[in-house]
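> any chance you could fold what I've pasted below:
(one chain, ligands or ions: 1)
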Amino acid sequence: MTKSFTIPRSVEWNENYISLLDQQKLPLETEYIELRTVQDVWESITSLKVRGAPAIGITAAFGLALAAQNYEVESIQAFKTQLQKDRDYLASSRPTAVNLFWALDRMVRSVENATSINEAKTKLTHEAIRIQIEDEAVCRQIGEYALSLFKSNDKVLTICNAGSIATARYGTALAPFHLAKEKGINLQVFASETRPVLQGSRLTAWELKQSGVDVTLITDNMAAHTIAAKGITAVIVGADRITANGDTANKIGTYGLAILAKAFNIPFYVAAPLSTFDISLQSGKEIPIEERNPEEVTHINGHRIAPEGINVFNPAFDVTPNDLITAIITEEGILYNGEYKDSIANLFQ
Ligand SMILES: CSC[C@@H](O)[C@@H](O)C(=O)COP(=O)(O)O
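Residues are numbered from 1 along each chain as shown. Take a look at the predicted model:
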């Protein structure tokens with residue numbers, strides 16, 4: 001029996017505002033907020049109301065289109081100067097997910113040849129909509145390729161939320177689970193809660209449950225025991241930036257799961273669109289890793305759980321070296337360990 005896809009879009013364009021699913025409020029409230037200024041957009045990205053690499057890029061693209069609608073400038077040159085300023089401002093909202101810069105730069109490029117302000121405004125809106133529509137198709141294709149790596153009754157571990165709400169639709173690492181549900185294939189998912197801000201328990205558990213996927217929540221420190229006790233057959237994760245050699249930045253904790261997968265001799269998959277690759281960087285050592293507010297570690301839901309004045313280290317991402325990654329699943333196909341340098345270069349020729 002097939003089942004249709006029910007997860008709502010997390011970002012919607014509405015001509016003079018952006019409607020955004022506030023991911024900070026999930027799973028307790030499904031609330032949409034209205035972003036009306038470029039500052040609203042910047043704040044929503046920084047505060048994780050929208051998060052997940054492709055969704056950040058989509059929101060920023062709409063943010064630039066939105067900002068440009070209100071420019072009070074007299075010439076197309078002045079328009080482009082203001083656009084570049086807003087591009088740089090939005091680019092400062094988060095440093096690690098390369099989709100943010102990819103989407104913003106694509107927006108700026110889309111008006112390179114515009115000769116009038118009206119033409120440029122229309123082009124920006126169309127480009128942002130295209131970025132969202134393309135991402136949905138890309139995610140579905142990633143899901144199909146990823147699903148081909150699993151068999152019925154597999155038990156798969158994931159971390160963070162690389163799901164529908166982190167993209168235009170379907171997600172990357174979660175796409176195969178949504179598609180399996182549509183096709184009536186049974187996959188069992190184990191979601192790691194993902195401290196400090198709990199994207200696994202708040203978002204992945206919510207999203208997969210909404211979709212009717214068989215999902216079990218664990219805390220992050222239960223991963224090794226769960227792999228052994230439940231017979232996990234694979235790990236799949238998303239990505240925020242993949243360098244030319246296949247090194248992959250993703251949510252903090254991903255690297256540890258890759259080491260566990262190797263220790264247990266099970267495959268470790270990364271699922272990501274081409275917009276997440278940064279081939280200007282040769283290795284993961286060059287990826288800027290965001291460090292966030294210590295309060296994310298010392299507090300849960302506004303409640304202090306650590307002593308006042310404690311030293312805190314709060315990196316939001318880690319980098320998994322390419323040799324620990326069994327395969328990288330893209331919309332163009334599956335890239336395998338040992339060939340990343342060549343296969344990634346080929347993708348961008
Ligand atoms: C399809 S989303 C891929 C990644 O962006 C995701 O795995 C992740 O690490 C998100 O981190 P977040 O800090 O929630 O934006």
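
> flag every residue of this structure that's near the ligand.
By CB under 6 Å from any ligand atom, the residues of the chain that approach the ligand are 51-54, 97, 160, 162, 166-167, 171-172, 199, 238-240, 250-251, 316. All C-beta spots, glycine's among them, are computed from the backbone N, C-alpha and C.

> which SSE is immediately downstream of the helix or strand where His178 lies?
His178 is part of helix 175-183, with elements assigned from DSSP states H and E. The first helix or strand that comes after helix 175-183 along the chain, using DSSP H and E, is strand 188-192.

> what's the longest helix seen in the chain packed up against?
Scanning the chain for the longest helix, with DSSP state H as the assignment, gives helix 117-147. With contacts taken as 3 or more CB pairs under 8 Å, 6 or more residues apart in numbering; DSSP states H and E, helix 117-147 sits against strand 11-13, helix 53-69, helix 76-91, helix 98-110, helix 175-183, strand 268-271, strand 327-330.

> export these to TSV and tack on mean neighbour count, distance to Tyr336 and mean pLDDT?
Output for these, formatted as TSV (neighbours: other CB atoms under 10 Å; distance: least, CB to CB, whole Å; pLDDT from 0 to 100):
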stretch	mean neighbour count	distance to Tyr336	mean pLDDT
strand 11-13	19	33	97
helix 53-69	27	22	98
helix 76-91	16	33	98
helix 98-110	21	22	98
helix 175-183	23	17	97
strand 268-271	26	11	99
strand 327-330	25	5	98
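
> so which of the ones you listed gets nearest Arg292?
helix 53-69 (14.4 Å; CB to CB).

> residue with max distance from the center of the chain?
No residue in the chain sits farther from the centre than Glu74, which is 37.6 Å out by CA atoms, centre = their mean.

> circling back: got the contact list for the helix holding His178?
Under the contact criterion CB atoms under 8 Å, 6 or more residues apart in numbering, helix 175-183 has outside partners 2-5, 7, 139-140, 142-144, 146-147, 149-150, 156, 163-164, 170-171, 186-187, 189, 208, 211-213, 236, 271.

> now those: which count as buried?
Among the contacts of helix 175-183, the ones that count as buried by 16 or more other CB atoms under 10 Å are 7, 139-140, 142-144, 146-147, 149-150, 156, 163-164, 170-171, 187, 189, 208, 211, 213, 236, 271.

> what about the residue nearest to Ala162 when sequence neighbours are not counted, how many neighbours?
With sequence-adjacent residues excluded and distances taken as CB to CB, 6 or more residues apart in numbering, Ala162 is closest to Gly238, at 2.6 Å. Using other CB atoms under 10 Å, Gly238 has 31 neighbouring residues.

> please apply the same query to Lys49.
Neighbours of Lys49 under the rule other CB under 10 Å: 21.

> and the nearest residue to Lys209 once chain neighbours are set aside, helix, strand or coil?
Counting by CB to CB, 6+ apart, Lys209 lies nearest to Val215, which is 6.0 Å off, once chain neighbours are set aside. Classification of Val215 by DSSP: H, G, I helix; E, B strand; the rest coil places it in strand.
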